[in-house]
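**Student:** Need coordinates for the following:
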Amino acid sequence: MNVVILAAGQGKRMHSDIPKVLHALAGKPLLAHVIAAARELSPQRICVVYGHGGEAVREAFAARDAAAAPPGAGRQAAIAWVLQEPQLGTGHAVMQAAPHLVEGVPTLVLYGDVPLIRAATLKRLCAAAGAGMAVLTVELDDPQGYGRIVREGGAPSGAIVRIVEQKDASPAEQAIREANTGVMVVPTAKLKAWLAKLSNDNAQREYYLTDIVALAVADGVPVAGAQPHALAETLGVNSRNQLAELERIHQLRIAGELMGRGVTLADPSRIDVRGELACGRDVAIDVNCVFEGAVALGDRVTIGANCVLKNVRIAEGTRVEPYCHMEDADIGARCRVGPYARIRPGTVLAEEVHVGNFVEVKASSIGRGSKANHLAYIGDSEVGRNVNVGAGTITCNYDGANKHRTVIEDDVFIGSDTQLVAPVRVGRGATLGAGTTLTTDAPPDQLTVSRVKQVSIRGWKRPAKKK
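**Tutor:** Numbering: from 1, shown residues only. This is a model prediction of the structure:
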C-alpha cells in the first residue's frame with residue numbers, strides 16, 4: 001500500500017508562525033499522529049505533501065525519526081517529502097505525489113491535520129474497497145462546509161456516483177447529510193490516469209481530488225463507502241479552539257482505556273497523557289496529572305493531584321503526594337514522595353525511601369529505607385541504606401565549573417542545616433551535628449561537628465530606627 005498524507009495547508013486561523021501540522025496534540029505534532037496510524041498498516045511508501053513551513057516540518061520529523069529508531073529496530077517505510085507550490089487543491093497535491101507511488105498496490109489518502117484517525121478504521125476502509133475504490137463518509141446533522149456524497153437514485157444503499165463540494169452543490173445536494181471526510185483508498189494505476197483528467201473549472205478554481213469519484217464511475221470502477229467508529233476520527237484542526245476540542249476528545253479516549261484496564265481516575269476529564277502510560281493493578285490517579293514520554297506505574301501506585309511525570313518508572317505500592325515533578329527517574333517499591341518534591345533526571349530510589357516536601361534530588365541514588373523528609377537538596381550523590389537527611393541539608397556539588405560526587409554510607413544521621421561540600425564521603429554509621437559544614441571526609445561511627453562557639457552578649461541592645 002501507498003499512503004499519501006496531505007499536509008501543505010497554511011492554517012491561517014491558527015494565527016501562528018508554526019506550520020499547522022506541527023502544532024501539538026497529546027505532546028506530539030498533529031502530523032505525527034497521522035503517520036503513526038499509517039505505519040500500523042505497514043505501507044511500502046509514505047508520501048507527505050508539504051507546503052507552508054515545509055522545511056521546518058521536514059526538519060522536525062527528521063529529528064523525530066532519528067530519535068525514535070533504536071539500533072536493530074525493524075525497518076519502517078521511509079517518508080518521501082513532496083513540495084506542493086503553489087497550493088491548487090487536493091487533486092493538485094496528490095498529483096505531486098503521483099511519481100512516488102507504486103502502481104501494484106492501492107493508495108490511501110490521509111490528511112495531516114486529522115490526527116485522531118484510527119488504523120482499525122483505515123483497515124475497514126481498505127477492506128470495503130476490495131479491488132475498487134472506497135471513500136470514508138460520515139452522517140452529519142449539519143454538514144455545512146463538507147462535500148456531499150451523491151448516491152445512485154438518492155438511496156442510502158445506492159452506489160456512490162460522485163462527490164459534490166459545498167460551493168458547487170445544488171439546493172437538493174446541499175440537503176444531503178452524508179458527508180465526505182476526504183479519506184479514500186484508490187487503485188494506484190487508475191488514480192494516476194484520473195489525476196491527469198482533473199479540471200479546475202469550479203467555484204474555487206482548484207483541482208478537487210473528489211472529482212475522481214465520477215471518473216471512477218465512468219470507468220466502471222465500483223466506489224464503496226465506509227464509516228469510522230466515531231465522528232472524532234474525521235475531525236480536522238483549523239483553529240486553536242478545534243485543537244483544544246480534539247485534545248479533550250483524545251484524552252477522554254485514553255482515560256476510558258485506562259479505566260477499562262482497572263485504573264482509578266478521580267476525574268477522567270482532568271488527565272493528560274502525552275506519551276505512553278502503562279499501569280499495573282489498582283493504580284489510582286488524582287486530578288490534573290500530566291504524564292509525558294514513557295511512564296510505568298506498578299501495582300497499587302497512587303499519584304496525587306497536580307503531578308507531572310516524564311519518563312519515570314515507579315514500582316509497586318509507592319505513593320506520590322500532590323504537586324510533585326519527576327523526570328527520567330526510577331522509583332522503587334513502597335516509597336513515599338512529596339508533596340512538592342522534585343525528582344530530576346538520573347535519580348534512583350530504592351525500596352521504602354521517603355523524599356518529602358520541598359526536597360530536590362538529582363543524579364543520585366538513595367538506598368533502602370533512607371529519608372529526606374524536608375527542605376533538602378541531594379545532587380550527584382550516592383546515599384546508602386537507612387540514612388536520615390535532616391531539614392535544610394544540601395550537597396554542594398558544583399564548584400562553579402565542575403560537578404563533584406558525595407558519598408553517604410549506610411546508617412548515617414545528618415543533622416539539620418548541614419552542607420556537604422563535594423567531593424566528600426561520610427562513613428558508615430557517622431553522625432553529623434546540626435549546622436555542620438563538611439569539607440573533609442567524616443569517619444564512620446563518630447560524631448562530626450563544625451560550628452562556631454555560641455556567645456551571648458549582655459547589655460546589647462537592638463538598634464532603634466531614627467526619627
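**Student:** Buried residues in the helix with the most length in the chain, which are they?
**Tutor:** For the chain, the helix reaching the highest residue count under DSSP state H is reported as helix 240-260. By neighbour count, with 16 or more other Cβ atoms under 10 Å as the criterion, the buried positions of helix 240-260 are 243, 246, 247, 249, 250, 251, 253, 254, 255, 258. The C-beta positions use only the backbone N, C-alpha and C, and glycine is treated the same way.
**Student:** again with stretch 32-44
**Tutor:** Within stretch 32-44, the residues scored as buried using 16+ other Cβ under 10 Å are 32, 33, 34, 35, 37, 38, 43.
**Student:** in a strand, that's where the third one is, yeah?
**Tutor:** No - under DSSP: H, G, I helix; E, B strand; the rest coil, residue 34 sits outside any strand and is assigned helix.
**Student:** That one against residue 118, yeah?
**Tutor:** No - under the contact definition of Cβ atoms under 8 Å, residue 34 does not touch residue 118, with a separation of 11.0 Å.
**Student:** so what's residue 231 up against?
**Tutor:** Taking Cβ atoms under 8 Å, 6 or more residues apart in numbering as the definition of contact, the neighbours of residue 231 are 138, 140.
**Student:** same deal with residue 348?
**Tutor:** 329, 330, 332, 364, 365, 366.
**Student:** quick revisit: reformat the buried residues of helix 240-260 as CSV; add distance to residue 280.
**Tutor:** Output for the buried residues of helix 240-260, formatted as CSV (distance: Cβ to Cβ, whole Å):
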residue, distance to residue 280
243, 32
246, 29
247, 27
249, 27
250, 23
251, 21
253, 21
254, 17
255, 17
258, 12
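**Student:** Next, format these as TSV and append pLDDT and distance to residue 100.
**Tutor:** Compiled in TSV, the buried residues of helix 240-260 are given as follows (pLDDT from 0 to 100; distance: Cβ to Cβ, whole Å):
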residue	pLDDT	distance to residue 100
243	97	30
246	97	29
247	98	32
249	97	33
250	97	30
251	98	35
253	96	33
254	97	34
255	98	39
258	98	39
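**Student:** Look up which helix or strand residue 124 falls in, please.
**Tutor:** Using DSSP states H and E, residue 124 maps to helix 119-129.
**Student:** hmm, which two among the contacts of residue 348 are most spread apart?
**Tutor:** With distance counted by Cβ to Cβ, no two of those lie farther apart than 332 and 364, which are 13.4 Å apart.
**Student:** Those two: which is more packed in?
**Tutor:** Per other Cβ atoms under 10 Å, whichever of residue 332 and residue 364 has more neighbours is residue 364, with 25 against 21.
**Student:** residue ranges for the helices of the stretch 51-200 of the chain, please.
**Tutor:** Secondary structure of the stretch 51-200 of the chain (DSSP state H, counting those that start in this stretch): helices located at 54-68, 90-97, 119-129, 171-174, 188-195.
**Student:** Which parts of the stretch 101-250 of the chain are strands?
**Tutor:** All strands of the stretch 101-250 of the chain, identified by DSSP state E, counting those that start in this stretch, fall at 106-111, 133-139, 148-151, 160-164, 178-187, 223-226.
**Student:** other SSEs contacting the third one?
**Tutor:** With contacts defined as 3 or more Cβ pairs under 8 Å, 6 or more residues apart in numbering; DSSP states H and E, the secondary structure elements packing on strand 148-151 are strand 160-164, helix 171-174, strand 178-187.
**Student:** Residue 48 should be in a strand, yeah?
**Tutor:** Yes - going by three-state DSSP, the assignment for residue 48 places it inside a strand.
**Student:** what sits opposite it in the beta ladder?
**Tutor:** residue 5, residue 81 (DSSP bridges).
**Student:** which residues are contacting stretch 135-150?
**Tutor:** Contacts of stretch 135-150 from elsewhere in the structure, counted by Cβ under 8 Å, 6+ apart, are 121, 125, 160-166, 169, 173-174, 176-184, 210, 213, 223-228, 231, 234.
**Student:** quick one: contacts for residue 94?
**Tutor:** Applying Cβ under 8 Å, 6+ apart to residue 94 gives the contacts 4, 6, 49, 109, 191, 195, 209.
**Student:** Residue 407 too?
**Tutor:** If you count contacts by Cβ under 8 Å, 6+ apart, residue 407 has them with 381, 382, 424, 425, 426.
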